[in-house]
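A.B. asks: below are the sequence and a predicted model for it; my questions follow.
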Amino acid sequence: MSIYVGNLNYEIDQEDLNEVFTEYGTVKQVHLPTDRETGRPRGFAFVEMESEANEDKAIEALNGAEWMERDIKVNKARPREAKKTFAGYRVNQF
């Protein structure tokens, strides 16, 4: 499982996230998505930790905390939904 971290300041990088989350346990991976066209961070990230117990500790401690003048949102990441496409266009599933 991984953690979703939202409402991030656009100046935050992977090293910043790794440093903060390491306080709650071993960080296995940090993914900070960027905009395809501008290369600028999109304001959210995913952090994977060594154990679910460490993830729970980080969520409890950091959700709603102020970091770089923003109140960050930290919770369990939801599984990615499969998207169907038709001729390159996204199609809503019913």
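C.D. replies: That came through fine. This is a predicted model, so every value here is computed, not measured.
A.B. asks: hmm, Lys57 is touching Thr22, no?
C.D. replies: No. Applying Cβ atoms under 8 Å, one finds Lys57 not in contact with Thr22, separated by 11.9 Å. Backbone N, C-alpha and C define where each C-beta goes, glycine included.
A.B. asks: more neighbours: which of these two?
C.D. replies: Counting neighbours by other Cβ atoms under 10 Å for Lys57 and for Thr22 shows that Lys57 has the greater number, 16 against 13.
A.B. asks: quick one, what contacts that one?
C.D. replies: Counting by Cβ atoms under 8 Å, 6 or more residues apart in numbering, Lys57 makes contact with Tyr24, Gly25.
A.B. asks: equivalent analysis for Glu11, please.
C.D. replies: By Cβ under 8 Å, 6+ apart, Glu11 lies in contact with Met68.
A.B. asks: which helix or strand contains it?
C.D. replies: Following DSSP states H and E, there is no helix or strand that holds Glu11.
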